[in-house]
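Colleague: Give me a 3D structure for the following:
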Amino acid sequence: MSGPASGSRAGQPSSAWPCPAPAGPEPGFIYRGRWALVTGASMGIGEAFARALAARGMNVVLCARSADRLRLLAGEIEEAHGVRAHAVAADLSRPSEAARAWREASAIGPIHLLVNNAGFGLRGVFHELAMERQLEMVALNCGAVLELAHLALGEMRPRATGGVINVASIVAFQPVPLMAAYAATKAFVLSLTEALAEENRESGVRILALCPGPTPSGFQAVAGTNVKQGQPGYLLPEQVVDAALHALDAGDVRVVPGAVNRAAAVFGRLLPLGLAARIARRINEKHG
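Modeller: A predicted model of the protein is given here:
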């Protein structure tokens, strides 16, 4: 499980659970000619972000563990869109790697948009999952997001422009048995992002939490889950990214792509926690 902007266009998913745009930023976000850092860029939502941003004229720094895949993707992006694409191989779950990736990226050019997408999930009974692996997940899903957002805001705030997209998940809105620690990491990301959005409300820097539902990517192979077309809430990575960028343009704080996922997010927050957890467990058992 990994995974919305107000309104929709023909052929596109209606995307946003209403969340007032912060006062201050002008409509639209400037992409062309500027640099973005996209983590977890080698596949899935991260790759879709890299391609979509390049299509908008943005230069991209691609960050993931697979150097070969990143170089291949960078070449494809440069050829297709005539922008610059640079690969930075890093394991962001390891100490000091997030800071190194940021230094390498910002040395190429000022980073105007950070997409904090890297992450993975684990599925199973909490006490039966290896603790070392769970700590690695927390380091990547929470620690790297925290550190990169801190570095980004330290540079964007003085310029009074820029954006940060933190990728949370639909599971951020309620406890999820059998994915207990993963859901907790995404709840952290959502809470952090919404707080940062308020802190930066009049700074000129846009902060957005992206909360996708079921989306095909490499996430499922690691987490041991299945995502099938036709499953409730299913969206392609390109649809998720399209919703996210429309929300960024609108200055929204939170986006949950897809009507089914928006409804699930609302119910996740309105239902008593015990009931929400039981429902989440049944869904996880059925679709896991």
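Colleague: CA atoms for contacts and neighbours, from now on please.
Modeller: Will do.
Colleague: OK, contacts around the residue nearest the centre of the chain?
Modeller: What sits nearest the mean C-alpha location of the chain, by C-alpha atoms, centre = their mean, is V167, with 1.8 Å. Taking C-alpha atoms under 8 Å, 6 or more residues apart in numbering, we find V167 in contact with 115-117, 189, 209-212.
Colleague: Please report which of the residues you listed has the highest neighbour count.
Modeller: Of all those, L210 has the most neighbours under the rule other C-alpha atoms under 10 Å, reaching 34 neighbours.
Colleague: Below-threshold pLDDT in the chain: ranges please.
Modeller: Within the chain, the set of residues satisfying pLDDT under 70 comprises 1-27, 218-230, 271-273, 275-276, 280-281, 283-288.
Colleague: List the buried residues of the helix ranked longest in it.
Modeller: Across the chain, the longest stretch assigned as helix under DSSP state H is helix 180-199. Neighbour-count burial for helix 180-199, counted by 16 or more other C-alpha atoms under 10 Å, picks out 180-190, 192-194, 196-197.
Colleague: And the next helix or strand past that helix?
Modeller: Next helix or strand after helix 180-199 toward the C-terminus (DSSP states H and E): strand 205-210.
Colleague: Return the list of strands paired to that following strand, each annotated with direction.
Modeller: strand 162-167 (parallel), strand 254-255 (parallel) (DSSP bridges).
Colleague: Do you have the strands of the protein handy? List them.
Modeller: 35-39, 59-64, 85-89, 111-116, 162-167, 205-210, 254-255 (DSSP state E).
Colleague: Turn those strands into JSON lines, including distance to V138.
Modeller: Putting those into JSON lines (distance: least, C-alpha to C-alpha, whole Å) gives the following:
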{"stretch": "strand 35-39", "distance to V138": "16"}
{"stretch": "strand 59-64", "distance to V138": "17"}
{"stretch": "strand 85-89", "distance to V138": "20"}
{"stretch": "strand 111-116", "distance to V138": "14"}
{"stretch": "strand 162-167", "distance to V138": "14"}
{"stretch": "strand 205-210", "distance to V138": "18"}
{"stretch": "strand 254-255", "distance to V138": "22"}
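Colleague: Can you say which of those strands is nearest to A101?
Modeller: strand 85-89 (6.5 Å; C-alpha to C-alpha).
Colleague: chain center to that closest one: distance?
Modeller: Put simply, strand 85-89 sits 18 Å off its chain's centre (C-alpha atoms, centre = their mean, to the nearest Å).
Colleague: List the buried residues of stretch 149-165.
Modeller: Those would be 149, 152-153, 155-156, 161-165, for stretch 149-165 by 16+ other C-alpha under 10 Å.
Colleague: R269 contacts F173, correct?
Modeller: Yes: contact criterion C-alpha atoms under 8 Å: R269 and F173 qualify, at 5.9 Å.
Colleague: the more surrounded of those two?
Modeller: Per other C-alpha under 10 Å, whichever of R269 and F173 has more neighbours is F173, with 23 against 14.
Colleague: From A74, how far off is that one?
Modeller: 35 Å (C-alpha to C-alpha, to the nearest Å).
Colleague: Disregarding residues adjacent in the polypeptide, which is nearest to Q174?
Modeller: G268 (5.1 Å; C-alpha to C-alpha, 6 or more residues apart in numbering).
Colleague: meant to ask about P232, not that
Modeller: The shortest distance from P232 to any non-neighbouring residue, by C-alpha to C-alpha, 6+ apart, is to V260 (6.7 Å).
Colleague: For P257, give its distance to G44.
Modeller: When P257 is compared with G44 (using C-alpha to C-alpha), they lie 15 Å apart.
Colleague: Kindly report the same for P232.
Modeller: The value you get for P232 to G44, if C-alpha to C-alpha is used, is 19 Å.
Colleague: Same question for E238.
Modeller: For E238 relative to G44 (C-alpha to C-alpha), the value is 9 Å.
Colleague: Thought I111 was touching W35, still the case?
Modeller: Yes: using C-alpha under 8 Å, W35 makes contact with I111 at a distance of 5.0 Å.
Colleague: That'll do, ta.
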